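> please work out how this folds:
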Amino acid sequence: MLRDGILFAFIFLVAAPRCFTEEDIHQAADLGAPLASLLVPLSGVLAIVGALPVAVGYRARWGAWALVAFLVPVTLGMHAFWRIGDPALRHVQEANFAKNLSMLGAALLIAFYGSGPLSVSAEP
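Coordinates of the predicted model:
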């Protein structure tokens, strides 16, 4: 799972720095996120804190639970396609919603089963 963990964690590690930009904070505020200037950067920290253990394979279950905690509110809040009237924008958000659901499923698998025998901590 170590190599797979790196591939899974990569998207979070690449995307998390954007959570510290004014653009992302404003986008979240425009979508109705409460306390966006506080919660968006906090979500970036949560994504990094969750992705690193999964990528390394050490305490990956804890990291996966952090990613679950990141994905649930982000998926429901930032990709709420059912609130969008424009068909093109709706389609983009539906795709992002589906992508996040698949990542949520993967995070739950890691949370329940661990990172596998090739990981640093070799969780059962």
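> what's next to stretch 37-45, contact-wise?
For stretch 37-45, contacts defined as C-beta atoms under 8 Å, 6 or more residues apart in numbering pick out 16-20, 24-25, 28-29, 33, 70, 73-74. For the C-beta atoms, the positions are set from N, CA and C on the backbone; glycine is no exception.
> again, only this time at 7 Å
The contact list for stretch 37-45 (C-beta atoms under 7 Å, 6 or more residues apart in numbering) reads A16, P17, C19, F20, D24, I25, A28, A33, F70, V74.
> now stretch 97-107
Residues contacting stretch 97-107 (C-beta under 7 Å, 6+ apart): F8, A64, L67, V68, L71, V74, T75, H79, F81.
> how near is N96 to L76?
Distance check for N96 against L76: by C-beta to C-beta, to the nearest Å, it reads 12 Å.
> more neighbours: which of these two?
Taking other C-beta atoms under 10 Å, N96 and L76 do not tie; N96 has more neighbours (15 against 11).
> any weak-confidence spans in the protein?
1-3, 117-124 (pLDDT under 70).
> quick one: contacts for N96?
H79 are the contacts of N96 under C-beta under 7 Å, 6+ apart.
> now name the helix or strand holding the residue nearest to the spatial centre of the chain.
With distances taken as C-alpha atoms, centre = their mean, L71 lies nearest the centre of the chain, 4.4 Å away. Taking DSSP states H and E as the definition, L71 sits inside helix 60-78.
> want to throw the contacts of stretch 97-107 into JSON lines with distance to A106?
Conversion of the contacts of stretch 97-107 to JSON lines gives the following (distance: C-beta to C-beta, whole Å):
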{"residue": "F8", "distance to A106": "6"}
{"residue": "A64", "distance to A106": "8"}
{"residue": "L67", "distance to A106": "9"}
{"residue": "V68", "distance to A106": "10"}
{"residue": "L71", "distance to A106": "10"}
{"residue": "V74", "distance to A106": "15"}
{"residue": "T75", "distance to A106": "13"}
{"residue": "H79", "distance to A106": "17"}
{"residue": "F81", "distance to A106": "21"}
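> no more questions from me, cheers.
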